[in-house]
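Chemist: Fold the following and give me the result.
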Amino acid sequence: MSCSCFSFSRVQKKETSPHKELEGYSLDNIRKFSYKELQVATYNFDRSTKIGRGGFGIVYKGILKDGTQVAVKTLSVESKQGVREFLTEINTISNVRHRNLVELIGCCVEGAHRILVYEFLENNSLDHALLGRKTYTPELDWKRRCEICIGTARGLAYLHEELEPHIVHRDIKASNILLDKDFSPKIGDFGLAKLFPDSITHISTKLAGTTGYLAPEYVLGGQLTLKADVYSFGVLVLETISGRSSSISSWGRMQKVLLEWAWELYEEGKLLELVDPDLKAYPEEEVLKYIKVAFFCTQATANRRPMMSQVVDMLSRNIKLNEKELTPPGFFQDSNENKKNVSDASTSRQISSFPPTITQVTPR
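Modeler: Numbering: from 1, shown residues only. Purely as a prediction, here's the structure:
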């Protein structure tokens, strides 16, 4: 009889220890959540609380017991790392703090669940503000767009140049730039690439979704450096100014990606045609400078692109740009046939094996 009771007590202990996987692991700056806590916070991950979806998982809005609003990201892919390695990386990311980076509040590692809990940002993402339905999107005047560009540049400069070891984001795009109540930008998902192997980064997903942001040397040769992020940032600046998506090939007189069309306008001396029609008032010279900075960031040859600290200076200080140094940007675009062929590609090697229709890897 006593043996039976002892066996029952062991079962009860296992069921009431939601942090069992975390026992013995140090998490210095973040909170340990149980799966049940996050279920309650998100109404059992109800569809009505879903606020986003990315390459790494679905994001839900949650409300903790104390009333704090949080963003709950359920990771949709399984890491090849064990719990120890996963938590070591989480601990590293939790120590990365900057006003232009989304703050990691806590995590849940329970059974097969891998969940990250972030601060909640009231104004959603930049792509929602730029490309969402106008009845539901805030007005982004030039001052706000400037601050979004400069703040994002500062966040990247911190990741690239101030942190040791440096972090390459790999997926800078409008949906990963989140906006707080004052429209200050914060870069999201900046540490997730560290948690998973290359086979599950954004480049392994359907190419059509993020093609417009990817540096040619990254897509074609798998060369991932800090300068790949710089390229993506340059495209982001063009999106912010134009209010147009980089992943749609329909700008200009022909089927062109946003960067290609912008360069065509530059060559024709018509750059202001790129500006978002919803932007009613703006300083023309400053807008032109921002577009040219975007061109410097998207140079075809990676070593011709500036470091992000230099980009911050170019955007925020009265620095005269040397346009004589500008060469045509590099860009990558698939034909419809190629998009169909690569839609199920599972590795960067498979993607780069398909020839592009338009590629300017070197200056003309």
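Chemist: State whether residue 183 is indeed within a strand.
Modeler: No: per DSSP: H, G, I helix; E, B strand; the rest coil, residue 183 lies outside any strand segment and is coil.
Chemist: name the element the nearest residue to it once chain neighbours are set aside belongs to?
Modeler: Leaving out its chain neighbours, the residue that sits closest to residue 183 by Cβ to Cβ, 6 or more residues apart in numbering is residue 144, at 5.0 Å. Any C-beta I mention is one placed from the backbone N, CA and C, and that applies to glycine too. According to DSSP states H and E, residue 144 maps onto helix 142-157.
Chemist: Kindly format the C-alpha coordinates of that helix as CSV.
Modeler: Extracted in CSV, the C-alpha atoms of helix 142-157 (Å, rounded to 0.1, in the frame of the first residue of the first chain):
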residue,chain,number,x,y,z
TRP,A,142,8.1,62.6,-42.8
LYS,A,143,9.4,63.2,-39.2
ARG,A,144,8.2,59.7,-38.2
ARG,A,145,9.6,58.1,-41.2
CYS,A,146,13.0,59.7,-40.6
GLU,A,147,13.0,58.5,-37.0
ILE,A,148,12.1,55.0,-38.1
CYS,A,149,15.0,54.9,-40.5
ILE,A,150,17.5,56.3,-38.1
GLY,A,151,16.3,54.3,-35.1
THR,A,152,16.5,51.0,-37.1
ALA,A,153,20.0,52.0,-38.3
ARG,A,154,21.1,52.6,-34.7
GLY,A,155,19.7,49.2,-33.7
LEU,A,156,21.6,47.5,-36.5
ALA,A,157,24.8,49.4,-35.7
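Chemist: Let me see the ranges of the helices in this protein.
Modeler: 2-15, 35-41, 83-94, 126-131, 142-157, 192-195, 216-221, 226-242, 258-267, 284-297, 308-316, 336-342, 348-352 (DSSP state H).
Chemist: For residue 272, which non-adjacent residue is closest in space?
Modeler: Nearest to residue 272 is residue 284, by Cβ to Cβ, 6+ apart, at 6.4 Å.
Chemist: how close does the one you found sit to residue 290?
Modeler: 11 Å (Cβ to Cβ, to the nearest Å).
Chemist: residues of stretch 266-281 that come out buried?
Modeler: Applying a neighbour-count criterion of 16 or more other Cβ atoms under 10 Å, one finds 266, 271, 274-276, 279 buried in stretch 266-281.
Chemist: pLDDT and distance to residue 33 added to those, as TSV?
Modeler: Shown next, in TSV, are the buried residues of stretch 266-281 (pLDDT from 0 to 100; distance: Cβ to Cβ, whole Å):
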residue	pLDDT	distance to residue 33
266	97	49
271	96	49
274	96	45
275	96	44
276	94	40
279	91	41
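Chemist: of the residues you listed, closest to residue 260?
Modeler: Set against residue 260, the nearest of these by Cβ to Cβ is residue 266 (10.8 Å).
Chemist: Now do the closest one against residue 224, distance only.
Modeler: 28 Å.
Chemist: low-scoring stretches of the stretch 251-364 of the chain, by residue?
Modeler: Counting by pLDDT under 70, the stretch 251-364 of the chain contains low-confidence residues at 251-255, 332-364.
Chemist: so what's residue 174 closest to, chain neighbours aside?
Modeler: Nearest to residue 174 is residue 127, by Cβ to Cβ, 6+ apart, at 3.5 Å.
Chemist: what about residue 284 and residue 290, which has more around it?
Modeler: Ranked by neighbour count (other Cβ atoms under 10 Å), residue 284 and residue 290 place residue 290 first, with 21 against 10.
Chemist: Would you check that residue 53 makes contact with residue 60?
Modeler: No: between residue 53 and residue 60 there is no contact under Cβ atoms under 8 Å: 10.1 Å.
Chemist: Okay, the residue most central in space within the chain and residue 322: tell me how far apart.
Modeler: The structure's the chain has its C-alpha centroid closest to residue 176; by Cα atoms, centre = their mean the separation is 3.3 Å. The gap separating residue 176 from residue 322 is 31 Å, by Cβ to Cβ.
Chemist: Dihedrals phi and psi, the closest residue to residue 176 other than its chain neighbours?
Modeler: Counting by Cβ to Cβ, 6+ apart, residue 188 is the residue found nearest to residue 176 once chain neighbours are left out, at 4.9 Å. Residue 188 has phi and psi values of phi -100, psi 160 when expressed as degrees, to the nearest 10.
Chemist: contacting residues around residue 188?
Modeler: Neighbour list for residue 188: 102, 118, 125, 176-178 [criterion: Cβ atoms under 8 Å, 6 or more residues apart in numbering].
Chemist: Looking at those, which one is closest to residue 30?
Modeler: Comparing the contacts of residue 188 against residue 30 with Cβ to Cβ places residue 118 closest, at 10.3 Å.
Chemist: Residue 84: neighbouring residues, count only.
Modeler: Look at residue 84: counted by other Cβ under 10 Å, it has 10 neighbours.
Chemist: And for residue 71?
Modeler: 20.
Chemist: Tell me how far it lies from residue 276.
Modeler: 27 Å.
Chemist: can you check residue 76 too?
Modeler: Residue 76 is 33 Å from residue 276, where distance means Cβ to Cβ.
Chemist: before we move on, back to that, and the residue nearest to the centre of the chain, what is it in contact with?
Modeler: For residue 176, the contact set (Cβ under 8 Å, 6+ apart) comprises 54, 125, 169, 187-189.
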